[in-house]
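Visitor: sequence unknown, structure follows:
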């Protein structure tokens with residue numbers, strides 16, 4: 001019985017890992033084929049998907065999305081990228097760095113009138 005549960009757990013973890021990798025592979029394949037705004041959104045989704053797979057890779061995707069959103073003056077997406085990068089730092093225990101990004105995100109959200117975070 002113990003072997004059955006071990007096998008079941010290993011199978012479930014393998015399927016979850018495959019599904020995540022399949023999703024990230026699909027997202028990566030989209031990158032060369034989408035325009036600027038959609039590319040930033042795909043980068044953000046990759047950042048979010050990689051947060052549990054590889055935090056360093058997640059942060060790279062998030063920082064690229066942050067850079068592109070700043071260049072394009074897309075403040076709402078920039079705020080989202082700041083939040084994601086902050087969350088990645090927080091998950092790794094880099095609390096001062098996380099706070100820096102998350103406070104920038106909060107300030108930007110307030111500036112553009114996005115008050116979703118004010119109720120927290």
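Guide: Right, received. Where do you want to start? What you are looking at is a predicted structure, and each value in this text was computed from that prediction instead of being measured. Numbering: from 1, shown residues only.
Visitor: can you pull out the helices in this structure?
Guide: Per DSSP state H, the chain carries helices over the ranges 2-30, 36-50, 55-71, 75-91, 95-111.
Visitor: with mean neighbour count and mean pLDDT added, can I get these in CSV?
Guide: (Each C-beta comes from the backbone N, C-alpha and C, glycine too.) CSV is the format used below for the helices of the chain (neighbours: other C-beta atoms under 10 Å; pLDDT from 0 to 100):
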stretch, mean neighbour count, mean pLDDT
helix 2-30, 11, 52
helix 36-50, 19, 93
helix 55-71, 19, 96
helix 75-91, 21, 96
helix 95-111, 16, 96
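Visitor: so how far is residue 89 from residue 98?
Guide: Distance check for residue 98 against residue 89: by C-beta to C-beta, to the nearest Å, it reads 4 Å.
Visitor: next up, the contacts around the closest residue to residue 92 other than its chain neighbours.
Guide: Counting by C-beta to C-beta, 6 or more residues apart in numbering, residue 55 is the residue found nearest to residue 92 once chain neighbours are left out, at 5.2 Å. Neighbouring residues of residue 55 by C-beta atoms under 8 Å, 6 or more residues apart in numbering: 88, 91, 92.
Visitor: contacting residues around residue 108?
Guide: Residue 108 makes contact with 75, 78, 79, 82, according to C-beta under 8 Å, 6+ apart.
Visitor: list the contacts of the residue nearest to the spatial centre of the chain.
Guide: In the chain, the centroid-proximal residue (C-alpha atoms, centre = their mean) is residue 48; its distance is 2.5 Å. Neighbouring residues of residue 48 by C-beta under 8 Å, 6+ apart: 58, 84.
Visitor: go again using 7 Å as the cut-off
Guide: Residue 48 sits next to residue 84 when contact means C-beta atoms under 7 Å, 6 or more residues apart in numbering.
Visitor: so what's residue 116 scoring on pLDDT?
Guide: pLDDT recorded at residue 116 is 71.
Visitor: find the nearest non-adjacent residue to it, please.
Guide: Of all residues not flanking residue 116 in the chain, residue 109 sits nearest, at 7.1 Å (C-beta to C-beta, 6+ apart).
Visitor: just checking, the one you found touches residue 78?
Guide: No - counting by C-beta atoms under 7 Å, residue 109 does not reach residue 78; the two are 9.8 Å apart.
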